[in-house]
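K.L.:
Build the 3D model from these lines:
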Amino acid sequence: MKKIGVLVGSLRKQSYSKKLAEYLIGLFPEGYETELIDIGNLPHYNQEYDEGGAPPESYVKYREKMHAMDAFLIVTPEYNRSVPAALINALDVGSRPYGDSVWDGKKAAVVSNSPGSLGGFGANHHLRQSFVFLNVLVMAQPEAYISGSADLFDDNGEIQNEGTGKFLQSIIDAFLDFIEE
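P.N.:
Residues are numbered from 1 along each chain as shown. Prediction:
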C-alpha cells in the first residue's frame with residue numbers, strides 16, 4: 001500500500017485549500033493510504049536546532065512521518081504571488097539535516113488554487129522551483145491551477161461544477177499513474 005502525504009499550504013481551519021485537499025483525498029482508490037499532514041505546529045526552521053543535536057520534537061515527528069511517505073500531494077493557495085510561509089517552512093524542516101532530506105527522490109503533485117482567475121499559478125511554479133533543488137520528481141502534466149476556489153464547493157462540501165470535479169479526478173488519476181511508474 002502506497003502512503004501519500006497531503007500538505008496544505010494554508011493554516012486556516014476552513015481554508016479553500018484544505019477543503020480542496022479533503023475532496024482530493026476522497027478521490028483516491030483503495031490501495032492508497034492518504035494522510036493530511038499538519039505543518040502548522042512547526043517552529044520556523046533554524047539550523048542551530050540541528051547543529052546542537054536537539055531539534056524540536058515537532059521536527060523529529062514531522063521528519064519521521066514524512067520519511068514514511070511514498071509520495072506527496074501539495075495543495076496550496078498563493079500568497080503574494082508565491083508560496084505561503086508555512087509551506088516553505090515545512091519544505092525547509094524536511095530538507096534537513098543535510099543529507100537526510102525527507103524529499104529526496106520522492107514524487108509529488110502540486111495543486112494550487114485561488115479565489116481569483118490565475119488559480120495560484122505563481123505559487124505552483126515557485127514550489128516547483130524548490131522541488132528541483134530538493135530532488136522531488138513533480139508530475140508535469142496535467143497542471144492544476146484551480147481558480148474561483150471561494151465558489152468551488154456547495155454547503156455540503158461537494159464540487160459545484162461537474163467539469164471541475166472531472167478535472168480533479170483526472171489530476172488524481174494522472175498522479176497515481178505517475179507514482180506507479
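
K.L.:
Neighbours of residue 43, how many?
P.N.:
12 (other CB atoms under 10 Å). (Glycine included, C-beta is placed from N, CA and C.)

K.L.:
Does it lie in a helix or a strand, and which?
P.N.:
Assigned by DSSP states H and E, residue 43 belongs to neither a helix nor a strand.

K.L.:
how much space is there between it and residue 76?
P.N.:
20 Å (CB to CB, to the nearest Å).

K.L.:
again with residue 98
P.N.:
Counting by CB to CB, the gap from residue 98 to residue 76 is 25 Å.

K.L.:
So the two - more neighbours on which side?
P.N.:
More crowded of residue 98 and residue 76, by other CB under 10 Å: residue 76, with 27 against 8.

K.L.:
Against residue 37, how distant is the residue nearest to that one when sequence neighbours are not counted?
P.N.:
With CB to CB, 6 or more residues apart in numbering as the criterion, residue 76 has its nearest non-adjacent residue at 3.1 Å, and that residue is residue 9. From residue 9 over to residue 37 the distance is 12 Å, taken as CB to CB.

K.L.:
The two: who's more crowded?
P.N.:
More neighbours surround residue 9 than the other of residue 9 and residue 37, with 28 against 15 (other CB under 10 Å).

K.L.:
Just the CA atoms of the helix or strand bottoming out on mean pLDDT in the chain, as CSV, please.
P.N.:
Each helix and strand of the chain was given a mean pLDDT (mean pLDDT, DSSP states H and E); the minimum falls on helix 47-51 at a mean of 92. Taking Å, rounded to 0.1, in the frame of the first residue of the first chain, the C-alpha atoms of helix 47-51 are listed here in CSV:
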residue,chain,number,x,y,z
GLN,A,47,19.8,25.3,11.6
GLU,A,48,21.1,25.7,15.1
TYR,A,49,18.5,23.2,16.3
ASP,A,50,20.0,20.5,14.2
GLU,A,51,23.6,21.5,14.8
